[in-house]
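> Please find the sequence and the predicted model below.
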Amino acid sequence: MQWEVVIGLETHTQLQTNTKIFSGASTAFGAEPNTQACVVSIALPGVLPVLNKEAVRCAIKFGLAIDAEIAPRSVFARKNYFYPDLPKGYQISQYELPIVGKGRLTIQVGDEEKVINITRAHLEEDAGKSVHEDFHGMTGIDLNRAGTPLLEIVTEPDMRSAAEAVAYAKKLHELVQWIGICDGNMQEGSFRCDVNVSVRPKGSDKLGTRREIKNLNSFRFMQQAIEYETRWQIETLEDGGTIQQATVLFDPDTGETRAMRSKEEANDYRYFPDPDLLPLEVTADDIAKVKATMPELPEAMKARFEQEYGLSAYDASTITASRSMADYFVAAAADFGGEAKLVANWVMGTVAAKLNEEGREIAVSPVTPVQLAGLLKRIQDGTISGKIAKDVFAAMWAGEGNADTIIEKQGLKQVSDSGAIEKIVDEVLAANAAMVAEYKAGKEKAFNGLVGQCMKASKGKANPAQVNEILKQKLA
């Protein structure tokens, strides 16, 4: 039987506020355990929550960014369950009336674009944290995180592969950083994804029974978890078994998912409106004020890059996948002044590869946009070849100076003197009679071999275009 995987995501995005969602306690990461667990966060008798206006502003920004409905009236509810790191015995969240309604996000997988529909995004408070590794046979509770503002973003079950789910998560991760509502630090838990996975026979409209993989904080783990879970569900069904709805955890050491508990339904949480909080009202004026602070969004920037710089849809999409990469490209292209495609190629290729290799962000690249532009100018005016430019870039990355300094110091200027190049070509032809004979016998690859020998003889300094031209003349 042919199977189809159906995937939906719930993402907990920690909002970039200085204080918690219902109190003035700090949200700073890394404080000593339980030093930021204020009386409101742990609901001591007589205390009342007061909504953080900045958290609301962040939610509105997100709604605008995904072209969503922003509710003029939304309601906070109590989500009741018992867990040691939930000191109140309930979590303040939004249920029936969330602040952000239906929206959409466009992802790119390979050369194909796909729209992922977002069902809702609602404000809620985070729980504390259970700590197991530092206690033998016991669990420690750190309530610093309790009350930290979250925006939970829920999609429709629109994704059909692990690749699509990861593409969506990456796009969302970049967007919340782009608009400045989340720092995106997955290691610190600022961006955590729960993935709902089910399978069904291809062509069926009926959804299968889903299992929810909790708290994935790595795109690599997400890919592995979905692929394993999909295989497990298909094998279980093909062996005559049934899928039980459950919450599961992914173990990165084994690459497997394992059931943690049976999956709760909404009625298990006994939602009801929080009597301590008034309904949240958002006016058209509130939305207009937030809209005035919004940066240019990725999709608009992508379209502008295609028109203004003549980039392909793929190149523009890649460059605008990160705001910091887009800013770097714009700065380099402005200083270079030449063909923007060359700048894009270097940013997406050599620069990105080096950053990935060293685990750096482009904002702290050792080669600045202006320095990259200076290197590309030397390629453009024929001072160095593209191949030599890679060596110059490596020296720039190592902190040896700008392109002109390195070219001068290492004597890397390209040889463009036709007489000097002709002499090199004559010597190579004389020393490679067999290769010349192969070329004349119709073997085109032999020509490339001769070009390579000429470049080797010139230590990479000969102008490749002139080498090609002179060789063709000599071999004619």
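Structure received. Numbering: from 1, shown residues only.
> From T247, how far out is N18?
Going from N18 to T247 by CB to CB, to the nearest Å gives 32 Å. C-beta here means a position set from N, CA and C on the backbone, and glycine is covered the same way.
> Can you pull the poorly scored residue ranges out of the stretch 251-400 of the chain?
263-264, 266 (pLDDT under 70).
> Repeat the analysis, applying 80 as the threshold.
Applying pLDDT under 80 to the stretch 251-400 of the chain flags residues 261-267.
> what ranges do the helices span in it?
Secondary structure of the stretch 251-400 of the chain (DSSP state H, counting those that start in this stretch): helices at 284-291, 298-309, 313-319, 323-336, 340-346, 352-358, 369-380, 386-397.
> got JSON lines for the ones you listed, with distance to S458 too?
Putting the helices of the stretch 251-400 of the chain into JSON lines (distance: least, CB to CB, whole Å) gives the following:
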{"stretch": "helix 284-291", "distance to S458": "59"}
{"stretch": "helix 298-309", "distance to S458": "34"}
{"stretch": "helix 313-319", "distance to S458": "32"}
{"stretch": "helix 323-336", "distance to S458": "27"}
{"stretch": "helix 340-346", "distance to S458": "23"}
{"stretch": "helix 352-358", "distance to S458": "27"}
{"stretch": "helix 369-380", "distance to S458": "17"}
{"stretch": "helix 386-397", "distance to S458": "11"}
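> rewinding a little: more neighbours: which of N18 and T247?
T247 (16 against 11; other CB atoms under 10 Å).
> Export the helices of the stretch 251-400 of the chain to TSV and append columns for mean neighbour count and distance to V166.
Shown next, in TSV, are those (neighbours: other CB atoms under 10 Å; distance: least, CB to CB, whole Å):
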stretch	mean neighbour count	distance to V166
helix 284-291	12	30
helix 298-309	16	17
helix 313-319	19	16
helix 323-336	20	18
helix 340-346	20	24
helix 352-358	13	16
helix 369-380	20	29
helix 386-397	18	29
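> Ok, which of those comes nearest T254?
Nearest of the helices of the stretch 251-400 of the chain to T254, taken as CB to CB: helix 352-358 at 26.8 Å.
> Tell me, how many residues neighbour D111?
Quick note: D111 (other CB under 10 Å) scores 8 neighbours.
> I'd like the distance between it and A37.
On the measure of CB to CB, D111 and A37 end up 50 Å apart.
> about what we covered before: do you know which of the helices of the stretch 251-400 of the chain lies nearest V428?
That would be helix 386-397 among the helices of the stretch 251-400 of the chain, by CB to CB, at 17.4 Å.
> Go through the chain and flag its longest strand.
Ranked by number of residues, the top strand in the chain under DSSP state E is strand 112-125.
> partner strands of whichever helix or strand comes after it, parallel or antiparallel?
Scanning forward in sequence from strand 112-125 by DSSP states H and E, the next helix or strand is strand 129-131. According to DSSP bridges, strand 129-131 forms sheet pairs with strand 140-142 (antiparallel).
> Give the rounded mean pLDDT of the strand it pairs with.
The average pLDDT within strand 140-142 is 92.
> Just the CA trace of the longest strand of the chain, in CSV.
The C-alpha trace of strand 112-125 is given here as CSV (Å, rounded to 0.1, in the frame of the first residue of the first chain):
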residue,chain,number,x,y,z
GLU,A,112,8.9,24.4,-5.5
GLU,A,113,6.9,26.9,-3.4
LYS,A,114,4.1,25.9,-1.1
VAL,A,115,1.7,27.8,1.2
ILE,A,116,1.3,26.5,4.7
ASN,A,117,-1.9,27.7,6.4
ILE,A,118,-1.6,28.9,10.0
THR,A,119,-4.7,28.2,12.0
ARG,A,120,-4.0,30.5,15.0
ALA,A,121,-1.4,32.1,17.2
HIS,A,122,-2.3,32.6,20.8
LEU,A,123,-0.6,34.2,23.8
GLU,A,124,0.2,32.1,26.9
GLU,A,125,2.6,31.8,29.8
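> Which strands and helices lie in contact with it?
Strand 112-125 sits against helix 53-65, strand 90-94, strand 103-109, strand 149-155, helix 162-178, with contacts defined as 3 or more CB pairs under 8 Å, 6 or more residues apart in numbering; DSSP states H and E.
> buried stuff in the last one?
Taking 16 or more other CB atoms under 10 Å as the neighbour-count basis, helix 162-178 is seen to contain the buried residues 162, 164-169, 171-178.
> Nearest to P49 among those?
V176 (24.1 Å).
> Next one: the closest residue to that closest one other than its chain neighbours from G419, what distance?
Distances taken as CB to CB, 6 or more residues apart in numbering place C182 nearest to V176, at 4.0 Å, with adjacent residues excluded. In this view, C182 and G419 are 62 Å apart by CB to CB.
> S41 now?
Taking CB to CB, one finds S41 at 80 Å from G419.
> if we can go back for a sec, which of the helices of the stretch 251-400 of the chain sits closest to H132?
Here helix 352-358 is closest among the helices of the stretch 251-400 of the chain (CB to CB), at 32.7 Å.
> can you list contacts of that closest one?
M325, E361, I362, S365, W397 (CB atoms under 8 Å, 6 or more residues apart in numbering).
> Can you tell me the SS state at M435?
At M435 the chain is in helix, as set by DSSP: H, G, I helix; E, B strand; the rest coil.
> wouldn't it be in contact with A446 here?
Yes - using CB atoms under 8 Å as the test, M435 is close enough to A446 to be in contact (4.9 Å).
> returning to that earlier point: figure out which of the helices of the stretch 251-400 of the chain is closest to Q223.
helix 352-358 (16.7 Å).
> Please state the offset of the closest one from the chain centre?
15 Å (CA atoms, centre = their mean, to the nearest Å).
> ok, back up a step: will you turn the contacts of helix 352-358 into a markdown table that also has distance to G411?
A markdown table is the format used below for these (distance: CB to CB, whole Å):
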| residue | distance to G411 |
| --- | --- |
| M325 | 34 |
| E361 | 34 |
| I362 | 31 |
| S365 | 27 |
| W397 | 20 |
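> wait, which of these is closest to N52?
E361 (28.4 Å).
> What is the neighbour count of that closest one?
Neighbours of E361 (other CB under 10 Å): 10.
> show me what contacts I116?
Here I116 is in contact with R104, L105, T106, I107, T155, E156, D158, M159, E164, Y168 (CB under 8 Å, 6+ apart).
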